[in-house]
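In: Following is a predicted model, sequence given first.
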Amino acid sequence: MGLFDKIFQTASEETKLTQQEAFAGIALAMAGADGSIAESEWNGIVNYIRRLKIYDNFSGPAFDKLFDKLFKILKKDGPSALVNASAAELSDDLKLTAFACAVDIALADGVIEEEEKDIINQLAEVLGVPEKTAISIIEVMIIKNKA
């Protein structure tokens, strides 16, 4: 297996994600990109999810089940595979939102690690975010997270 195969590996074929799992998977992959999930990153995930209509019918146990599944993929296959599995199942109308959410989460702890930069670049590619749009989103999120 080559270096790029390891970076862009995908989660197991039997792991198909719902729309809700896919969005949360991108957020979780971003938060776990550097090997740990800071409290500020976790809070960012929770805050985004609470505002999205696709989670309106989710209860506590449903969220537990969703995150259990995603944490298993993250632990077993890594953040890059979780990104690929999530991006494959995410609808077009949620792709920019997921990208913005991921960038916001990466910036939440005030430090952008190299692994987080790699995931942001991967996300822009697999979600089809145009470079100009990606740069604009990143600039806005940097401003948002300065305070």
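Out: Here it is on my side, so go on.

In: List phi and psi for the closest residue to L96 other than its chain neighbours.
Out: Sequence neighbours aside, V129 is the residue nearest to L96 in space, at 6.6 Å (criterion: C-beta to C-beta, 6 or more residues apart in numbering). Yep, even glycine has a C-beta here, placed from its N, CA and C like the rest. Taking degrees, to the nearest 10, you get phi -80, psi 120 for the backbone angles of V129.

In: F67: how many residues sit nearby?
Out: Residues near F67, counting by other C-beta atoms under 10 Å, number 17.

In: residues contacting it?
Out: Counting by C-beta atoms under 8 Å, 6 or more residues apart in numbering, F67 touches A24, L28.

In: same deal with A102?
Out: I26, A27, A29, M30, I119, I120, L123.

In: out of those, which one sits closest to I49?
Out: I49 has its nearest neighbour among the contacts of A102 in A27, at 7.5 Å by C-beta to C-beta.

In: element containing the closest one, please.
Out: For A27, the host element (DSSP states H and E) is helix 19-31.

In: Check which residues of the helix or strand that that helix is followed by are buried.
Out: Once the chain leaves helix 19-31, the next helix or strand it forms, by DSSP H and E, is helix 39-51. Residues E41, G44, I45, Y48, I49 are the ones in helix 39-51 that count as buried (16 or more other C-beta atoms under 10 Å).
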